[in-house]
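[1] compute the structure for the input listed below.
(one chain, ligands or ions: 1)
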Amino acid sequence: MPWRPDADLRALTGLVAPAACAGCEAPGRRWCRRCAVELLAGGPRPWRPTPCPAGFPPTWSGPAYADAVRAGLVAWKEQDRVDLTAVLAPVLRDGVRAALACSADHRAAVAAGRPVAVVPAPSARGSRRRRGRSPVRELAVAAVGRAVVLPALVLARPVQDQAGLSAQGRAANLDRAVALAPRAARALAGIPCVVVDDVVTTGATLTECARALREGGAGAVVAATLAATARRGQPPSPDPLPRPGAAD
Ligand SMILES: [Zn+2]
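    Got it, this is the predicted structure:
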């Protein structure tokens, strides 16, 4: 049988690249145009949970965690659709930019050429081992570049998967569960940080990450997430933070 490079390449691409959109299962591409619109809807926006935990950092988020966005994130994180990292990275990049712009400390550091650290929220050890990768860290690197990402946070003790826990359960599950990684304190001393995570729900994870960074001697802490969800029956409240570029 003659070698047909085009056909062979197509066949190989079909094996490697998923044949359906991870958001809506439309055939043909990993993330379709309609789902791209949904993913980018509204751009990054300030967001905080209701009720808002004490110490919750100023946070910018992408779209609502629902429908195609939810399906895409589940496929990316739980079904190892690593090809979606490139689809999701620009959303987090925009959130990080917006978070940087809303904080005077971060703006001053960037203007002076001083470092700012993008710090991934740590994954539960069990889930990381099960997946064999750290999706949020990979996403952070794809979004802002390896040089800026500082994986400074680790879990100090085992925690349950947050999914399925109440707001109080999530807060208790994570209470003082996050710590600085060995040798991270020196790298972080006085450095403004942007904590990044995939989804913000009750704010327990971002609040705990911010606490660990502040107590570890980091500078001001803000946060950015891919998407945001509301507790059942409680719609997310818009945060009164200024738009990027506005005065603090
Ligand atoms: Zn789609």
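[2] which element is residue 223 on?
    Secondary structure from DSSP states H and E places residue 223 in strand 221-228.
[3] tell me which parts of the chain are close to the ion?
    Neighbours of the ion within the chain, by C-beta under 5 Å from the ion: 21, 23, 24, 26, 32, 35. All C-beta atoms are positioned from the backbone trio N, CA, C, and that covers glycine.
[4] again, only using 6 Å
    21, 23, 24, 26, 32, 34, 35, 68 (C-beta under 6 Å from the ion).
[5] which among those count as buried?
    Neighbour-count burial (16 or more other C-beta atoms under 10 Å) applied to the residues of the chain next to the ion gives 21, 23, 32, 35, 68.
[6] the third one - nearest residue in space that isn't next to it in sequence?
    Read it as residue 32. Nearest residue to residue 32, sequence neighbours excluded (C-beta to C-beta, 6 or more residues apart in numbering): residue 21, at 4.1 Å.
[7] for that neighbour, grab phi and psi.
    Dihedral pair for residue 21: phi -70, psi 130, per degrees, to the nearest 10.
[8] can I assume it is in contact with residue 29?
    Yes: the pair residue 21 and residue 29 passes the contact test of C-beta atoms under 8 Å, sitting 6.2 Å apart.
[9] if we can go back for a sec, return the residues in contact with the residue nearest to residue 32.
    Applying C-beta atoms under 8 Å, 6 or more residues apart in numbering, we find residue 21 in contact with 27, 28, 29, 30, 31, 32, 35, 68.
[10] next, format those as CSV and append pLDDT.
    Listed next are the contacts of residue 21 as CSV, based on pLDDT from 0 to 100:
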residue, pLDDT
27, 92
28, 87
29, 89
30, 91
31, 94
32, 94
35, 95
68, 95
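[11] grab the nearest non-local neighbour of the spatially most central residue of the chain.
    Nearest to the mean C-alpha position of the chain, counting by C-alpha atoms, centre = their mean, stands residue 197 at 2.6 Å. The shortest distance from residue 197 to any non-neighbouring residue, by C-beta to C-beta, 6+ apart, is to residue 121 (4.0 Å).
[12] wait, what's in contact with that neighbour?
    For residue 121, the contacting residues are 136, 153, 195, 196, 197, 205, 206, 209, by C-beta under 8 Å, 6+ apart.
[13] pull the most distant pair out of the residues you listed.
    The most widely separated members of these, counting by C-beta to C-beta, are 136 and 206 (11.9 Å).
[14] shared neighbours of these two, anything?
    By C-beta under 8 Å, 6+ apart, residue 136 and residue 206 have these common neighbours: 121, 197.
[15] show the average pLDDT along the longest helix seen in the chain.
    Counting residues, the longest helix found in the chain (DSSP state H) is helix 85-102. Throughout helix 85-102, pLDDT has a mean value of 96.
[16] how near is the residue nearest to residue 152 when sequence neighbours are not counted to the ion?
    Distances taken as C-beta to C-beta, 6+ apart put residue 184 closest to residue 152, at 3.8 Å, once the chain neighbours are dropped. Distance of residue 184 to the ion, computed by C-beta to the ion, to the nearest Å: 39 Å.
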